[in-house]
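J.: The following comprises the amino acid sequence and a computationally predicted model.
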Amino acid sequence: MSFPKGFLWGGATAANQYEGGYLSGGKGLAVADTLTGGDGIHKIPRKFIVEMPDGSHKEFAGHAEIPAGAKAIVDPNTYYPSHIATDFYHHWKEDIALFAEMGCNVYRLSVNWTRIFPNGDDEKPNEEGLKFYEDVFKECQKYHIEPLVTIYHFDCPLHLANEYDGWVSRHTLEAFEKYAELLFTRYKGLVHYWLTINEININTNFMMNGVHEHESNKQNAEQCRWHLFLGSAFAVKKGHEIDPTNHIGLMIAHPASYPYSCDPEDVLTELQRAERLKWFYGDVQVRGYYPNWKIKELERDGITLKKEPGDDELLKEGTVDFYSFSYYNSMTVSAHPEKFGITGGNQMQGVDNPYLKASEWGWPIDPIGLRIALNQIYDRYQIPVMVVENGLGALDKVEADGSIHDKYRIDYMRTHIQTMKDAVEIDGIPLMGYTPWGFIDLVSAGTGEMRKRYGFIYVNMDDEGKGDLSRSKKDSFYYMQQVYKSNGENLD
């Protein structure tokens, strides 16, 4: 067989996009709970409603910079998709049974920090929240499904964002360390696979990491990155101390990237962008130190990271066991982007690639790019690799008889799994597993939509929060079932 025995087949979700249970069971507010929906096809962004320092209320786009002193709020007259999402909080037993039926032996999920510490920095944890995840992990074990747990997945506690500027503050780092240590201690023996910080390279903004002035203040952005790296390193070190059998990995958004042409300026531009977008984050978490080019960049920008004794040593001691990443699309880079149409995917912009088709949301579809990414990652780091997000967001039509014929999604999955098969069989990549994104419908992170569906399992919920949340199987469910139960051999 191409894929090794014990290969991890499953799916991935995030608490702030799937769990729901808004304020249920003692949960506190996260930044994600203050994000409205958006419209990706028509390029209408998600928004924050914030209280300005003078007491007035103002709207900001989700990725926009929010002024220092402003506080995101929940407006009682506004719909927030994360509050219900697709309600794993009340459907977890039903959903895990469906995952098992599909043939999953791993389920990647995230713990919602504010379900454990409602404000992020509480003195004592919320026992009801701890018990919820304990029950979920035990239910997974009942079906021989390994939980793969992301400790931090874009759910900075709102209190830490509003009052401490999120990950800019050492206080947030220290609160995270307490939270991570508690998870490792409480779930020892229940969880053996962990990811530290989701897509650590995506952004330093308010939406992702609770940072107000992330564009105009480079010191803030770099200090946020430093604290995120320290948080990841602490989690790796502490997780191994508490249970040496833990497997702990990083998580990076990793598109393949190409220069638009053989123009040396295009080639150099792609090299520099790849270093800043992807490799910097992997280098720090796998090698344990900042690369020389980054040190020189900080010097040129006049930025001095605020460090405490032992920080550099912690970075070296907390290197990861494996490299996990999301792959949805490739990107094409030009030194002269103004000459070409701009396209995007997973919060990243590039120029149009004339050799590729795109999804309804404009994301280039490039299965060969996944093989390229796998080879580049393993050649650089020589540690095991795992694809923990991959999938197609699309408009699904429910037929009169309730069926959903998503051949487009099956075609996407087939070509990407074949690419992984080639990477393992031909290139010798030590691939650990595959957890496609949103294998059950959930809220889109980038646009806040429900209609942009990734799942193999349909959830009856729309962009306005209407629906009975019933679950049904798409054609892709049965396709993935045959793939998983054949260990990736039956792709026809």
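T.: It's in. Numbers count the residues shown, from 1 in each chain.

J.: Going by C-alpha atoms from here, please, whenever you check contacts or count neighbours.
T.: Will do.

J.: What pLDDT does the model give T415?
T.: For T415, the pLDDT comes out at 98.

J.: Ok, A235 next?
T.: Value for A235, per-residue pLDDT: 98.

J.: Go ahead and flag the most central residue of the protein.
T.: Nearest to the mean C-alpha position of the chain, by Cα atoms, centre = their mean, lies N198 at 4.4 Å.

J.: contacting residues for that residue?
T.: Listed by Cα atoms under 8 Å, 6 or more residues apart in numbering, the contact set of N198 reads T150, Y152, H153, F154, L250, M251, I252.

J.: Correct me if wrong, but the fifth one is in a helix.
T.: No - in this structure, L250 is strand, not part of a helix, as judged by DSSP: H, G, I helix; E, B strand; the rest coil.

J.: out of the contacts of N198, who's nearest H214?
T.: Sorting the contacts of N198 by how near they are to H214, with Cα to Cα, puts F154 at the top with 15.6 Å.

J.: That closest one: neighbour count?
T.: Neighbours of F154 under the rule other Cα atoms under 10 Å: 26.

J.: T78 is in contact with E464, correct?
T.: No - look at E464 against T78 with Cα atoms under 8 Å: they stay out of range, at 10.3 Å.

J.: can you pull out the strands in the stretch 351-492 of the chain?
T.: For the stretch 351-492 of the chain, the strands defined by DSSP state E, counting those that start in this stretch occupy 385-389, 431-434, 457-459, 471-473.

J.: Show me what the second one is in contact with.
T.: Yep, that's strand 431-434 we're talking about. F7, L8, W9, G10, G11, P384, V385, M386, V387, V388, E389, V424.

J.: Run through the helices of the stretch 351-492 of the chain in chain order.
T.: Here the stretch 351-492 of the chain has its helices, by DSSP state H, counting those that start in this stretch, at 367-381, 407-425, 475-485.

J.: could you say what helices and strands the second one packs with?
T.: Helices and strands touching helix 407-425, by 3 or more Cα pairs under 8 Å, 6 or more residues apart in numbering; DSSP states H and E, are helix 367-381, helix 475-485.

J.: Mean neighbour count, the ones you listed: which tops it?
T.: Mean neighbour count (mean count of other Cα atoms under 10 Å) peaks for helix 475-485 among those, with a mean of 20.

J.: what sits up against that one?
T.: Contacts for helix 475-485 (Cα under 8 Å, 6+ apart): 9, 101-104, 403-407, 409-410, 456-457, 489-491.

J.: The contacts of N198 into TSV, with extra columns for pLDDT and distance to K306?
T.: Below are the contacts of N198 laid out as TSV (pLDDT from 0 to 100; distance: Cα to Cα, whole Å):
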residue	pLDDT	distance to K306
T150	98	27
Y152	98	22
H153	98	24
F154	95	23
L250	98	23
M251	98	24
I252	98	24
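
J.: In a markdown table: those, plus distance to N112.
T.: Output for the contacts of N198, formatted as a markdown table (distance: Cα to Cα, whole Å):
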| residue | distance to N112 |
| --- | --- |
| T150 | 9 |
| Y152 | 8 |
| H153 | 8 |
| F154 | 9 |
| L250 | 18 |
| M251 | 17 |
| I252 | 19 |
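
J.: Output the below-cut-off pLDDT ranges for the stretch 151-300 of the chain.
T.: For the stretch 151-300 of the chain, applying pLDDT under 70 flags no range at all.

J.: So which residues of it form helices?
T.: Using DSSP H, counting those that start in this stretch, the helices of the stretch 151-300 of the chain run over 158-164, 170-186, 206-209, 218-242, 264-274, 280-287, 292-300.

J.: from these, which stretch is densest packed?
T.: helix 206-209 (a mean of 27).
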